[in-house]
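Engineer: sharing a sequence plus its predicted fold:
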Amino acid sequence: MKDVIAGNFAEWRWQLWPPQRIRVVNWNIDRGLRLPEITDFLESQQADLLILQEVDLNARRTHFLNVAEELARKLEMNYVFGREFEELTQESRATPAYHGQAALSRWPLRSPRVIRFRSQSGFWRPRWFLPRTAPFQERLGGRIALVTDVDVMGRTFRVYNLHLESRGDDKLRLSQLTEVLDDAATVAPRVPQLLAGDLNFDISGGLAADLIQKAGFRNVLGDSRHYTRPAHNLFGSPRSIDWALVSGSLEATEGQLHEKVNASDHYPITFTLRFS
């Protein structure tokens, strides 16, 4: 479960200097269940960096595809994939099924690794009295942050791709976020950083906002209120749970939430990065 899968499909590009702008998409793609629509949106953005959560590998529900590799081939990008869970109800007869996070880039991705959080929910673990069927989502593993460095012609920044726990309470999610911020502090401010993903709670206020500010991170969407997941039903409410933050010499502009994109149960966030 600690292994990171990688593939290189980006075309070699000859340039005299680093680009002035780096286009980014952060999106929970709901396993890749609607892969053609997901691919169409990502292709339309002409992005240089994709930060994706809930990405399937060899799962029955997504036709036993390596979803990250399918996207990387189609979009001509490099990719790294970190295993979050082994999906016990989704495997084929020959190969286990996994679910995790992926980063795709037109630039080289260096030193990928996984932070598997110390604090985890026990909700997903197998139980002898539950049938091994898809509705129960029995899993092995735990929530992670996928960490990788993006090398843009000698200018490097670090990406933390997070998927915090959907079960449990905000105290659990805050402890997982703190692990990432502590890891980021080991190279700050020398290395600029991008922290993005599905955090599964609102970090715009309270202790989470204080910790983020003290760590030097800034919201790419500014202070505007945004909902990144629609209501589940008539009695539910929309949620602000997907976030993208930058630190150090990275500046984010053109932040946008795409509320009309319905290829997933989350809305994508797009923005442009520049080195200050």
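Structural biologist: Happy to help now that I have it.

Engineer: name the helix or strand of the chain that has the lowest mean pLDDT.
Structural biologist: Least confident helix or strand of the chain, by mean pLDDT, DSSP states H and E, is strand 139-141 with a mean of 91.

Engineer: give me the buried positions along that one.
Structural biologist: Within strand 139-141, the residues that count as buried by 16 or more other CB atoms under 10 Å are 139, 141. C-beta coordinates here come from the backbone N, C-alpha and C atoms, glycine included.

Engineer: what residues of the longest helix seen in the chain count as buried?
Structural biologist: When the chain is parsed with DSSP state H, its longest helix is helix 170-185. Residues 170, 172-181, 183-184 are the ones in helix 170-185 that count as buried (16+ other CB under 10 Å).

Engineer: gap between the residue nearest to Pro192 when sequence neighbours are not counted and Phe275?
Structural biologist: Spatial nearest neighbour of Pro192, chain neighbours left out: Gly248 (3.4 Å); criterion: CB to CB, 6 or more residues apart in numbering. Separation of Gly248 from Phe275 (CB to CB, to the nearest Å): 9 Å.

Engineer: ok, back up a step: from the contact counts, what lies against the least confident helix or strand of the chain?
Structural biologist: Counting contacts by 3 or more CB pairs under 8 Å, 6 or more residues apart in numbering; DSSP states H and E, strand 139-141 is packed against strand 78-87.

Engineer: per-residue confidence averaged over the strand it packs on?
Structural biologist: Per-residue pLDDT values across strand 78-87 average out to 96.

Engineer: restricting to C-alpha, output that strand in PDB.
Structural biologist: C-alpha atoms of strand 78-87 as PDB (Å, rounded to 0.1, in the frame of the first residue of the first chain):
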ATOM      1  CA  ASN A  78       3.100  12.300 -16.600                       C
ATOM      2  CA  TYR A  79       1.300  10.900 -13.600                       C
ATOM      3  CA  VAL A  80       1.800   9.500 -10.100                       C
ATOM      4  CA  PHE A  81      -0.800   7.500  -8.200                       C
ATOM      5  CA  GLY A  82      -0.900   6.800  -4.400                       C
ATOM      6  CA  ARG A  83      -3.000   3.900  -3.100                       C
ATOM      7  CA  GLU A  84      -5.400   5.000  -0.400                       C
ATOM      8  CA  PHE A  85      -7.600   1.900   0.000                       C
ATOM      9  CA  GLU A  86      -7.600  -1.600  -1.300                       C
ATOM     10  CA  GLU A  87     -11.300  -2.000  -2.300                       C
END
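
Engineer: which other helices and strands does the helix or strand just after it contact?
Structural biologist: Heading C-terminal from strand 78-87, the first helix or strand you meet, by DSSP states H and E, is strand 98-105. The helices and strands touching strand 98-105, judged by 3+ CB pairs under 8 Å, 6+ apart, are strand 49-57, helix 67-75, strand 78-87, strand 144-152, strand 155-163.

Engineer: just so I know, which of those lies nearest Ser119?
Structural biologist: strand 144-152 (12.4 Å; CB to CB).
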